[in-house]
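Colleague: What would the 3D arrangement of this be:
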Amino acid sequence: MRKRLKKILKKHQLPLWLMAKVFLLLFFVLIVYSVSSKINNKETKQTKLQEEPTVAKVSSLPPAGVTYPSQILNLTNWKITLPTGSSENPTEIKQPELTTYNIDPWFIAMPGSNGVRFRAAVNGATTDGSDYPRSELREMTNNGKAKASWSSRKGTHTMFLDQAITAVPKIKRQIVAGQIHDDNKDIIVIRLDYPNLHIRIDEKNLHTLDFHYTLEKRFTIKFVVSDGQTKVYYNNSSNPVYTLNKKYSNAYFKTGAYTQSNCSREGSPSLCNDNNYGEIIVYQATVTHQ
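Modeller: Below you'll find the model as predicted:
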């Protein structure tokens, strides 16, 4: 276009001052055209953005149709003790309320999986019989109306757990993942003194299950109690990895997160908060009595 105009001007021998004005006018027209094009493009993009729906970033959700832990675990014959409430008077939820109960982050259907999260922070409320907080199920009977109480000498009592320990406190890195209890004390527990996952009886490690347990590693435990013996099976073993020969009564099963630390054990006010906790994901917890 410029060359063509130049030829026209040369042909007609226009004065230099007029030629300068023409070139200035042409330069101005080009600038206006360029700016106008950019504005139109920007408006077009904005229009498209307004027309297209905004897709929000959504966090992971529980499995389709799952809202409550009871939709993953059969909680008919359980109650839960939570790390909420007051000292020596923690919150307890029983049936039928437990069927439609959850409390984030202590007891929820785990986002994006088929497990239930049990979490207990070191600053949580404790029972009058313990210095440590828990988000833990206690076995019940009669559709959750009465406390379970059975004998190791009569019948066969079985609890199967499929679970993963996902967090331990920062200083005292210990948590109980499952246990058999009686009226007075724990009979046998599955405990992680990180990284040692073991069977513990009377405050002693009597059998190590995994010397180097890594957090989030999924494992199974099965307790089978009969004829005065408590047999423990690990990761679907065909034979028990440990057998306790002991007669006891008024017994019941427990599972969930029983954090083995508190604010004083953590040793620093900065660690006494909700972000310092023990946590377990339970994928299956089944109990049978025969």
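Colleague: any chance you could map the strands in the stretch 101-250 of the chain?
Modeller: Per DSSP state E, counting those that start in this stretch, the stretch 101-250 of the chain carries strands over the ranges 107-109, 116-121, 134-141, 146-147, 157-167, 174-181, 186-193, 196-201, 204-210, 218-226, 229-234, 242-245.
Colleague: Next, format these as JSON lines and append mean neighbour count, distance to residue 287 and mean pLDDT.
Modeller: For the C-beta atoms, the positions are set from N, CA and C on the backbone; glycine is no exception. Formatted as JSON lines, the strands of the stretch 101-250 of the chain follow (neighbours: other C-beta atoms under 10 Å; distance: least, C-beta to C-beta, whole Å; pLDDT from 0 to 100):
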{"stretch": "strand 107-109", "mean neighbour count": "23", "distance to residue 287": "18", "mean pLDDT": "97"}
{"stretch": "strand 116-121", "mean neighbour count": "28", "distance to residue 287": "15", "mean pLDDT": "98"}
{"stretch": "strand 134-141", "mean neighbour count": "24", "distance to residue 287": "6", "mean pLDDT": "98"}
{"stretch": "strand 146-147", "mean neighbour count": "12", "distance to residue 287": "13", "mean pLDDT": "98"}
{"stretch": "strand 157-167", "mean neighbour count": "21", "distance to residue 287": "5", "mean pLDDT": "98"}
{"stretch": "strand 174-181", "mean neighbour count": "24", "distance to residue 287": "11", "mean pLDDT": "98"}
{"stretch": "strand 186-193", "mean neighbour count": "21", "distance to residue 287": "15", "mean pLDDT": "98"}
{"stretch": "strand 196-201", "mean neighbour count": "19", "distance to residue 287": "19", "mean pLDDT": "98"}
{"stretch": "strand 204-210", "mean neighbour count": "14", "distance to residue 287": "21", "mean pLDDT": "97"}
{"stretch": "strand 218-226", "mean neighbour count": "19", "distance to residue 287": "9", "mean pLDDT": "98"}
{"stretch": "strand 229-234", "mean neighbour count": "19", "distance to residue 287": "14", "mean pLDDT": "98"}
{"stretch": "strand 242-245", "mean neighbour count": "15", "distance to residue 287": "18", "mean pLDDT": "98"}
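Colleague: Quick one: those as TSV, columns for distance to residue 84 too.
Modeller: Below are these laid out as TSV (distance: least, C-beta to C-beta, whole Å):
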stretch	distance to residue 84
strand 107-109	10
strand 116-121	10
strand 134-141	9
strand 146-147	21
strand 157-167	18
strand 174-181	18
strand 186-193	23
strand 196-201	27
strand 204-210	31
strand 218-226	27
strand 229-234	31
strand 242-245	33
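Colleague: and residue 75, which of the ones you listed is closest to it?
Modeller: The minimum distance between residue 75 and the strands of the stretch 101-250 of the chain falls on strand 134-141, with 7.4 Å, by C-beta to C-beta.
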